[in-house]
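Student: Task: produce atomic coordinates for the following.
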Amino acid sequence: MTQYNITLEQGLVHNLLMGDGTDEVLKQIMEQLLNQLFESKATDICGAALYEQSDDRDAYRNGYRDRSLVTRFGKIELSVPRVRGHSVLTEGFIEKYQRSEQALIVGIAEMVVNGVSTRKVDAVAQALFGESVSKSQVSRICGVLDPIVDGFRNRPLDERYPFMIIDAMYLKVREASRVISKALYVAIGINAKGRREVLGVSVMDTETKGGYVEFFNGLKDRGLERVDLGVSDNHAGLVEAFKSVFLGASWQRCQTHFTKNMLDKTPKKHWAEVKERLREMYTARNLEKAKALKDELVDRLREIAPKAAELLDEGFDDITAVLSLPTKYRTKLRTSNLIERLNEELRRRERPIRIFPNEASVIRIMGSVIMEIHEKWETSRLDFDMEEYFDHISSASKPDTAGKGGGRMAA
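Tutor: Residues are numbered from 1 along each chain as shown. Down below sits the predicted model:
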């Protein structure tokens, strides 16, 4: 085994023996040891020391390469001699260095995804690795997530998804030296097994019919073939796009949003009465009963809130689409609550960031959060037992045995 003579500064040895600033001293010692080791190896390879004239020289130096190495004592700076046609570094040294750096990268990325502010990330990085990180460095480091998130967003959708819930939220994004709002589209589906999945996530400049058509067509391009019922708020562009892309599907207007719209058009002293009567209508045993309750409420509203009466009359069919389903499926599908938990988590993670540096960072961070929640859903209990639903669909599509011909949907 080759042996090398290594010298250390007297001050470092004294401080080490006295126990003064041990970690910092050890970091400096390691830096000196490695740099001298590289110099000695370069001398062996060349057959001559630096600047030494020798007829027995085997190779020639070609400057230095600066490298950094993250150690348990902090980050050290290395000056590695370059020798033409040879490598000074020990075999495997770079790979180990890269693994160490990768651990730092993954750690920082995980902190950001979990909602840790850049200031706290910097403090943690300094404490663990003796290295400060800027906002731009954090953004570049988190680029390790890009291929993972892209793979998730573009995965094939090879199952049937009878139910789909769609929503969007606005986030602040820096673009061309100004801060603007962009819409984050998210769609979740209930698959044939009765479990929630995140089907798609995309960033658009705003909520428009064209944007939603592009979003929905992207889902179909990935294999989404059939949706029986969509649930969302009453955004006009979303609803028009859904009905044009998913022909034949029903649309359920979120009853929670609708109730808020009704109360906005009703004097406050009548809110309790209107909410109770809407609740009775929402939970009616069938469509005929719901229509009767609606007519009674419209008559009452014409006296106390004419605009609310008009809104209820116009929106009735949309807020009662779930009444065509078996009773056990109605409660969870009459509102967009199935996606609200995801929205809350996205807001919690977005709050420390406040302003995303670019659109790519929105997909990177929010996409990572969505993936995390999606993975939890994969192992959680089922949202629905779908057996009764498929029996319902099967019976509804059978020919009318009463001799009238054609098909009919079960009420």
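
Student: For this structure, which segments count as strands?
Tutor: All strands of the chain, identified by DSSP state E, fall at 61-71, 74-83, 163-175, 178-190, 196-204, 229-232, 250-253, 355-356.

Student: Among those, pick out the one with the most neighbours on average.
Tutor: strand 229-232 (a mean of 24; mean count of other C-beta atoms under 10 Å). Where C-beta positions appear, they are placed from N, C-alpha and C, glycine not excepted.

Student: now for that strand, which elements pack on it?
Tutor: Counting contacts by 3 or more C-beta pairs under 8 Å, 6 or more residues apart in numbering; DSSP states H and E, strand 229-232 packs against strand 163-175, helix 236-245, strand 250-253.

Student: switch to 10 Å and redo it
Tutor: strand 163-175, strand 178-190, helix 236-245, strand 250-253, helix 327-333, helix 337-350 (3 or more C-beta pairs under 10 Å, 6 or more residues apart in numbering; DSSP states H and E).

Student: Give me the buried positions along the longest one.
Tutor: Buried residues in helix 337-350, counted by 16 or more other C-beta atoms under 10 Å: 338-339, 342, 345-346, 349-350.

Student: hey, C-alpha coordinates of that helix in PDB?
Tutor: Extracted in PDB, the C-alpha atoms of helix 337-350 (Å, rounded to 0.1, in the frame of the first residue of the first chain):
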ATOM      1  CA  ASN A 337     -66.200  18.200  -0.800                       C
ATOM      2  CA  LEU A 338     -64.300  15.100  -2.000                       C
ATOM      3  CA  ILE A 339     -61.700  17.500  -3.500                       C
ATOM      4  CA  GLU A 340     -61.800  20.100  -0.700                       C
ATOM      5  CA  ARG A 341     -59.300  18.200   1.600                       C
ATOM      6  CA  LEU A 342     -56.800  18.200  -1.300                       C
ATOM      7  CA  ASN A 343     -57.400  21.900  -1.800                       C
ATOM      8  CA  GLU A 344     -56.800  22.700   1.900                       C
ATOM      9  CA  GLU A 345     -53.500  20.800   1.800                       C
ATOM     10  CA  LEU A 346     -52.400  22.700  -1.400                       C
ATOM     11  CA  ARG A 347     -53.200  26.000   0.300                       C
ATOM     12  CA  ARG A 348     -51.200  25.000   3.400                       C
ATOM     13  CA  ARG A 349     -48.200  24.200   1.300                       C
ATOM     14  CA  GLU A 350     -48.600  27.300  -0.800                       C
END
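
Student: Would you mind getting the angle between that helix and strand 163-175?
Tutor: Interaxial angle, helix 337-350 versus strand 163-175 (axes from the mean of the first three to the mean of the last three C-alpha atoms, to 10 degrees): 20 degrees.

Student: As a markdown table, the strands of the chain with mean pLDDT and distance to residue 156 would be great.
Tutor: Formatted as a markdown table, the strands of the chain follow (pLDDT from 0 to 100; distance: least, C-beta to C-beta, whole Å):
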| stretch | mean pLDDT | distance to residue 156 |
| --- | --- | --- |
| strand 61-71 | 78 | 38 |
| strand 74-83 | 80 | 42 |
| strand 163-175 | 94 | 17 |
| strand 178-190 | 95 | 13 |
| strand 196-204 | 96 | 11 |
| strand 229-232 | 97 | 21 |
| strand 250-253 | 97 | 25 |
| strand 355-356 | 84 | 28 |
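
Student: which one of those strands lies closest to residue 374?
Tutor: Taking C-beta to C-beta, strand 196-204 is the member of these nearest to residue 374, at 4.4 Å.

Student: Pull the number of nearby residues for residue 211.
Tutor: Residues lying near residue 211 (other C-beta atoms under 10 Å) number 20.

Student: pLDDT below threshold where in the stretch 1-150 of the chain?
Tutor: Within the stretch 1-150 of the chain, the ranges that satisfy pLDDT under 70 run 1-26, 70-74, 89-144.

Student: about what we covered before: switch the strands of the chain over to TSV, and while doing so, append distance to residue 317 to every line.
Tutor: Output for the strands of the chain, formatted as TSV (distance: least, C-beta to C-beta, whole Å):
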stretch	distance to residue 317
strand 61-71	62
strand 74-83	65
strand 163-175	18
strand 178-190	22
strand 196-204	26
strand 229-232	14
strand 250-253	9
strand 355-356	39
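
Student: List the contacts of the nearest residue to residue 360 once chain neighbours are set aside.
Tutor: Using C-beta to C-beta, 6 or more residues apart in numbering and skipping the chain neighbours, the partner closest in space to residue 360 is residue 146 (7.4 Å). Residue 146 sits next to 360-361, 363-364, 367-368 when contact means C-beta atoms under 10 Å, 6 or more residues apart in numbering.

Student: Next: residue 57.
Tutor: Contacts of residue 57 (C-beta under 10 Å, 6+ apart): 46-48.

Student: Buried members of these into ChimeraX, please.
Tutor: In ChimeraX, this line selects whichever of those come out buried by 16+ other C-beta under 10 Å:
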select :46,48
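
Student: which one of the contacts of residue 57 sits closest to residue 226?
Tutor: Nearest to residue 226 out of these is residue 46 (C-beta to C-beta; 71.3 Å).

Student: The closest one touches residue 82, doesn't it?
Tutor: No: the pair residue 46 / residue 82 is not scored as a contact, 11.2 Å apart, by C-beta atoms under 10 Å.

Student: For these two, list the residues in contact with both.
Tutor: 60-61.

Student: What residues are bridge-paired with the residue nearest to residue 31 when sequence neighbours are not counted?
Tutor: Distance criterion C-beta to C-beta, 6+ apart; nearest residue to residue 31, sequence neighbours excluded, is residue 76 at 4.3 Å. Beta-bridge partners for residue 76, by DSSP bridges, are residue 69.

Student: which residues sit in contact with residue 76?
Tutor: Residue 76 sits in contact with 26-35, 67-70, 130, where contact means C-beta under 10 Å, 6+ apart.

Student: thought residue 308 was touching residue 275?
Tutor: No: judged on C-beta under 10 Å, residue 308 makes no contact with residue 275 at a distance of 11.7 Å.

Student: Show me whatever sits in contact with both of these two.
Tutor: Jointly contacting residue 308 and residue 275 under the rule C-beta under 10 Å, 6+ apart are 262-263, 266.
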